[in-house]
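Novice: A predicted structure for the sequence below; I have some questions about it.
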Amino acid sequence: SLPKTYHDWGQEIRAIFALNDVNPYEKALEVIHNVFHEKKRRGFTLPPYFAGHNDIAFAGGYHRPRMAFGPFNYMLEHHCSRHGFELNKYYFGKPVKAVFEYVQEIMINKFGQGCFFMVGDNPRADIKGANEIGWASFLTQTGVHQGPENDPENPATMVVNTFADSVDVVLKIQKEKLYL
């Protein structure tokens, strides 16, 4: 919660970071709303909002995928729009292209030019990011994605049963390249 006795707290809050799942949502929304309201009332610039990712679901220890960070971000966006707050938001996890570019740059600097493969279970995060940078992608059926078919919105290069299956395919591709 916000300090009630500190008269200039509104000037001191320069950014809001949400790096892990927000729990409980309503408390976090209330605090962010109070910061934005007080900043706007005093004529200060609203702080930017940084979030680790915008995933809707993730695979957990349950039969169905669990809600991730995305729903909170969507609620915050709606809340800000409804109350006239301009939300300057920045996401820096998958599928943000800059994350994939950073990994690619590190790998090229360390190992030289090569082929890049992304293996993931979430079409909206893992596969979308790989597609946007031009990597080959493998969609596994062991997490968020459960069906045998490819995702229509973010199709992978190939759908495989497990991570191990994707490794087998990559090794086969690389072996065939050696003998061409």
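Specialist: Arrived safely, thanks for sending. For clarity, every value in this text was computed on a predicted model and none was experimentally measured. Numbers count the residues shown, from 1 in each chain.
Novice: Pull out the buried positions in the lengthiest helix in the chain.
Specialist: Taking residue count as the measure and DSSP state H as the definition, the longest helix of the chain comes out as helix 25-42. If you call a residue buried by 16 or more other Cβ atoms under 10 Å, then helix 25-42 has these buried ones: 28, 29, 32, 35, 36, 39, 40. Every residue, glycine included, has its C-beta placed from N, CA and C.
Novice: Please tell me the pLDDT value assigned to the third one.
Specialist: On the pLDDT scale, residue 32 is placed at 90.
Novice: That one touches residue 16, doesn't it?
Specialist: Yes - taking contact to mean Cβ atoms under 8 Å, the distance of 6.1 Å between residue 32 and residue 16 places them in contact.
Novice: Overlap of the contact sets of those two?
Specialist: Common contacts of residue 32 and residue 16 (Cβ atoms under 8 Å, 6 or more residues apart in numbering): residue 49.
Novice: coming back round to it: how about JSON lines for the buried residues of helix 25-42, with distance to residue 139 added?
Specialist: JSON lines is the format used below for those (distance: Cβ to Cβ, whole Å):
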{"residue": "28", "distance to residue 139": "32"}
{"residue": "29", "distance to residue 139": "33"}
{"residue": "32", "distance to residue 139": "34"}
{"residue": "35", "distance to residue 139": "39"}
{"residue": "36", "distance to residue 139": "38"}
{"residue": "39", "distance to residue 139": "42"}
{"residue": "40", "distance to residue 139": "43"}
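Novice: Kindly indicate which of the residues you listed lies nearest residue 169.
Specialist: residue 28 (41.7 Å; Cβ to Cβ).
Novice: now the residue nearest to that closest one when sequence neighbours are not counted: how far from residue 72?
Specialist: Leaving aside its sequence neighbours, residue 28 sits nearest to residue 22 (Cβ to Cβ, 6 or more residues apart in numbering; 4.4 Å). Between residue 22 and residue 72 the computed distance is 5 Å (Cβ to Cβ, to the nearest Å).
Novice: what sits in contact with each of these two?
Specialist: Taking Cβ under 8 Å, 6+ apart as the criterion, residue 22 and residue 72 both touch residue 28.
Novice: Residue 162 contacts residue 138, correct?
Specialist: No - taking Cβ under 8 Å as the contact criterion, residue 162 and residue 138 are not neighbours in contact, 9.8 Å apart.
Novice: more crowded one of those two?
Specialist: The residue with more neighbours, out of residue 162 and residue 138, is residue 138; 24 against 14, by other Cβ atoms under 10 Å.
Novice: What are the phi and psi values at the more buried one?
Specialist: Comment: the main-chain dihedrals of residue 138 come out as phi -120, psi 120, following degrees, to the nearest 10.
Novice: Which helix or strand contains the residue lying closest to it once chain neighbours are set aside?
Specialist: With Cβ to Cβ, 6+ apart as the criterion, residue 138 has its nearest non-adjacent residue at 3.8 Å, and that residue is residue 166. Using DSSP states H and E, residue 166 falls within helix 163-178.
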